[in-house]
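Novice: Predicted structure and sequence below. I'll ask about it afterward.
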Amino acid sequence: MNSSTIANGITLTDRAAEHVKHFLTQNAASTGLRLATKTTGCSGYQYIVEIVEKPNNQDEVFESQGIKIFIDSLSLPLLQGIQVDYVHVGLQKEFQFTNPNAKTTCGCGESFSV
């Protein structure tokens, strides 16, 4: 599996990059991908993935495979070293996260704790 690494060890696999590029071409106003976390879920934090038009004021901006990636300064320590993939799970397609900061993850894979 080929991947492209950006600053702080954040990695998009080729499959994830291809999927994001598809959505970016669907909406000309969109400029990048926002990765964030929020306090929720059964394990503490939940991953948030959004196609967005521009970064927020508190976002750090990175680039991988021609894709701008926006991460807010509060989420960045939780996401350092993360690998984002796009996989087929049964009949569903979804982003999958491999996060070295996660001590535990919930059974559904939607949330994690540090």
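Specialist: Received it, and whenever you're ready, just let me know what you need.
Novice: Give me the below-cutoff pLDDT ranges for the protein.
Specialist: Scanning the chain for pLDDT under 70 picks out 1-8, 41, 107-110.
Novice: Find the centremost residue of it, please.
Specialist: With the centre of the chain defined as its mean C-alpha position, the nearest residue by C-alpha atoms, centre = their mean is Leu35, 4.3 Å away.
Novice: Whatever helix or strand Gln46 lives in pairs with which strands, parallel or anti?
Specialist: Secondary structure assignment for Gln46, by DSSP states H and E: strand 44-52. Partner strands for strand 44-52, per DSSP bridges, with pairing direction: strand 32-40 (antiparallel), strand 111-113 (antiparallel).
Novice: Rebuild those strands as CSV, extending it with distance to Glu53.
Specialist: Yep, even glycine has a C-beta here, placed from its N, CA and C like the rest. As requested, these are arranged in CSV below (distance: least, C-beta to C-beta, whole Å):
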stretch, distance to Glu53
strand 32-40, 8
strand 111-113, 27
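Novice: Of all those, which one comes closest to Leu76?
Specialist: Across the strands paired with strand 44-52, Leu76 has its closest neighbour in strand 32-40 (9.1 Å, C-beta to C-beta).
Novice: residues of that closest one that come out buried?
Specialist: Neighbour-count burial for strand 32-40 flags Gly32, Leu33, Arg34, Leu35, Ala36, Thr37 (criterion: 16 or more other C-beta atoms under 10 Å).
Novice: contacting residues for the residue nearest to the centre of the chain?
Specialist: Contacts of Leu35 were listed using C-beta atoms under 8 Å, 6 or more residues apart in numbering, and they are Ile10, Tyr47, Ile48, Val49, Ile69, Phe70, Ile71, Ser75, Leu79, Ile82, Val84.
Novice: And His22, its phi and psi?
Specialist: phi -60, psi -50 (degrees, to the nearest 10).
Novice: tell me what the helix or strand following the strand holding Gln46 is packed against?
Specialist: Counting by DSSP H and E, the next helix or strand C-terminal to strand 44-52 is strand 59-64. Where contact means 3 or more C-beta pairs under 8 Å, 6 or more residues apart in numbering; DSSP states H and E, strand 59-64 is packed against strand 3-6, strand 10-13, strand 67-72.
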